[in-house]
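Peer 1: Everything below, folded, please.
(chains A and B)
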There are 2 protein chains.
Amino acid sequence: MKIITGISDMQSFADSLRSQGRTIGFVPTMGFLHDGHVSLMGRARQSCDIVMVSIFVNPTQFGPREDFSRYPRDEEGDRKKCEAAGVDVLFMPAVAEMYPEKPSVFVVVEGISDVLEGAIRPGHFRGVATVVAKLFSSVKPHKAFFGQKDFQQCAVIKGMVKGLNLDVEIVVMPIVREKDGLAMSSRNSYLNVDERRRAAVIYRALFAAKQLAAAGVREPEKLRNKIQAILAEEKGISIDYIEIVDPESLAPVNAVTENMVLLVAVHIGSTRLIDNLLIL
Amino acid sequence: MKIITGISDMQSFADSLRSQGRTIGFVPTMGFLHDGHVSLMGRARQSCDIVMVSIFVNPTQFGPREDFSRYPRDEEGDRKKCEAAGVDVLFMPAVAEMYPEKPSVFVVVEGISDVLEGAIRPGHFRGVATVVAKLFSSVKPHKAFFGQKDFQQCAVIKGMVKGLNLDVEIVVMPIVREKDGLAMSSRNSYLNVDERRRAAVIYRALFAAKQLAAAGVREPEKLRNKIQAILAEEKGISIDYIEIVDPESLAPVNAVTENMVLLVAVHIGSTRLIDNLLIL
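Peer 2: Numbers count the residues shown, from 1 in each chain, chains lettered A, B, ... in the order given. A predicted model of the protein is given here:
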């Protein structure tokens, strides 16, 4: 596995692969890799000639009171997981390589960046869209793979790709869950044993709402109430939002239909977790 | 000369050229081509294997009270000029191809987009940066050629390329002038005979200020006054701005040095013209 840290080295290497007619599959990550990331690498491995993974904890997508400095890191472990997954190139730029100066150039995806996570984390999706644009310029992928766990992030990136005509196919892969249903996330490492046990309630709540919809309930309010009631079964869980929206526009739905997504964001102790479930 | 109107056709063709190891030189234009554009094509012809020109009058860089609808167009004449200049590909997307929906994704270059032209034309450089990003995604050039006449535009695009790590070399070519010194511009076609004669005062004013600097004058105010006095020699010229700035930051200089640029924007009748002169 080749390790590249410089942007122009990355671009030259990508050019040489492309000129040989090889397809590049790309998995951008913030590291501290789990089975969700590994599933993305596996899919890239199946569908592309070369698999590239980036590890970059992007400061510009964290708010001033968020967890940038304590975001979990494990370079050695990440490297082993990438090798085991058959990754060809690990791109690990330093912060000073990605942002040699105070950032002043941004990609903005209006509308869908401003709701849900964006309403609570102002500037978050501007940071995400911009760093993904920079990573795409560096890695020059044919396809890029993202996890559905960050549902809104996927929508913002698809919006950016369409709006800027980026020649990259975005592939969104299903959420990988722990045995008790908790969506895999690097931030799960923040949870203590008791919080970890209680966190399983998030998926139980989403799943119960999905069952209600399957049983014919058509009022979004009833689904939201169900999620809220189940979350209340565990102590110490505070809710940022419970929303039922159209998967493309992210606008709230008036009636439960067969194409919508349930999204929740909660705090358990000092840890903020998000999850979602598609109703198709 | 090949004519392409679809973005994905353009991308496929660019990919095929790149995979053959051919370098792509790109001249983005809004059409109504003049010798300034032709000089960019000539430079591209010299330094790249394939020369691509785009013609697209970009609605998103015009303000609501600006001249989008009456901007001059001459498809037949432009085509002939491109053929004569040895252009290989003319990319002419329709507005509906570039903006199938109301634009919601933008590239923003903060700071330098907000002064000079940006202060008078809010949103202009957001429109410019975004459309150039979209054109770069379509044409996939190795080098792109711009005219120094739009000095601030060149700075914004260089800023965007750096900030988003776009793998494109930006080449800025000198202003091409008419015999009387007027900078070539598609908008010169708006001038009537008398306005056209008076417009030559713009370059005379810039040149006189440059001579003052060469003679050792160090106060920006004296250069500005000189420009203003000479512009006043012709009737009916109203000044939007006269500025002396650092060529990279576009910040006003406190003292005249050997690395600065004089910029002016004026109205002659209903026509707005800009020009600039480097002091090196």
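Peer 1: Identify the residues contacting the nearest residue to residue A:233 once chain neighbours are set aside.
Peer 2: Counting by Cβ to Cβ, 6 or more residues apart in numbering or on different chains, residue A:233 lies nearest to residue A:201, which is 6.2 Å off, once chain neighbours are set aside. Where you see a C-beta, it was placed from the backbone N, CA and C, and this is true even at glycine. Counting by Cβ atoms under 8 Å, 6 or more residues apart in numbering or on different chains, residue A:201 touches A:230, A:231, A:233, A:234, A:237.
Peer 1: Can you pick out the ones from the residues you listed that are in helices?
Peer 2: Using DSSP state H to define helices, the subset of these located there is A:230, A:231.
Peer 1: what ranges do the helices span in the stretch 51-200 of chain A?
Peer 2: For the stretch 51-200 of chain A, the helices defined by DSSP state H, counting those that start in this stretch occupy A:75-84, A:95-98, A:117-120, A:124-139, A:151-163, A:193-199.
Peer 1: still on that earlier bit, please identify which of the contacts of residue A:201 is nearest to chain B.
Peer 2: Taking Cβ to the nearest Cβ as the measure, chain B lies nearest residue A:231 of the contacts of residue A:201, at 32.9 Å.
Peer 1: before we move on, back to that, now the contacts of residue A:201: which count as buried?
Peer 2: A:230, A:231, A:234, A:237 (16 or more other Cβ atoms under 10 Å in any protein chain shown).
Peer 1: Confirm for me that the third one is in contact with residue A:194.
Peer 2: No: between residue A:234 and residue A:194 there is no contact under Cβ atoms under 8 Å: 9.9 Å.
Peer 1: which residues touch the residue of the stretch 1-150 of chain A found nearest chain B?
Peer 2: For the stretch 1-150 of chain A and chain B, the shortest gap (Cβ to the nearest Cβ) falls at residue A:105, measuring 2.5 Å. Going by Cβ under 8 Å, 6+ apart, residue A:105 touches A:130, B:107, B:108, B:109, B:110, B:159, B:160, B:162, B:163, B:164.
Peer 1: same thing but at 7 Å, please
Peer 2: B:109, B:159, B:160, B:163, B:164 (Cβ atoms under 7 Å, 6 or more residues apart in numbering or on different chains).
Peer 1: now, which of these sits nearest chain A?
Peer 2: The closest of the contacts of residue A:105 to chain A turns out to be residue B:163 (Cβ to the nearest Cβ; 2.5 Å).
Peer 1: how close does the residue nearest to that closest one when sequence neighbours are not counted get to residue A:59?
Peer 2: Sequence neighbours aside, residue A:105 is the residue nearest to residue B:163 in space, at 2.5 Å (criterion: Cβ to Cβ, 6+ apart). Distance of residue A:105 to residue A:59, computed by Cβ to Cβ, to the nearest Å: 15 Å.
Peer 1: Over to residue A:174?
Peer 2: Taking Cβ to Cβ, one finds residue A:174 at 29 Å from residue A:59.
Peer 1: quick one, which of the two is more surrounded?
Peer 2: residue A:59 (16 against 11; other Cβ atoms under 10 Å in any protein chain shown).
Peer 1: ok, how many other residues are close to the nearest residue to the more buried one once chain neighbours are set aside?
Peer 2: The shortest distance from residue A:59 to any non-neighbouring residue, by Cβ to Cβ, 6+ apart, is to residue A:68 (5.5 Å). Per other Cβ under 10 Å, the neighbour tally for residue A:68 reads 14.
Peer 1: Please report the distance of residue A:68 from residue A:56.
Peer 2: Taken as Cβ to Cβ, the span from residue A:68 to residue A:56 is 12 Å.
Peer 1: Over to residue A:158?
Peer 2: Using Cβ to Cβ, one gets 20 Å for the distance from residue A:158 to residue A:56.
Peer 1: Between the two, point out the one with more neighbours.
Peer 2: residue A:56 (20 against 16).
Peer 1: Quick check: that one touching residue A:98?
Peer 2: Yes: Residue A:56 lies in contact with residue A:98 (Cβ atoms under 7 Å); the separation is 6.5 Å.
Peer 1: circling back to that earlier point, a markdown table please, covering the buried ones among the contacts of residue A:201 and showing pLDDT and distance to chain B.
Peer 2: Below are the buried ones among the contacts of residue A:201 laid out as a markdown table (pLDDT from 0 to 100; distance: Cβ to the nearest Cβ, whole Å):
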| residue | pLDDT | distance to chain B |
| --- | --- | --- |
| A:230 | 98 | 35 |
| A:231 | 98 | 33 |
| A:234 | 97 | 38 |
| A:237 | 97 | 34 |
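Peer 1: just those residues now: which is nearest residue B:8?
Peer 2: Taking Cβ to Cβ as the measure, residue A:231 is the one of the buried ones among the contacts of residue A:201 closest to residue B:8, at 45.0 Å.
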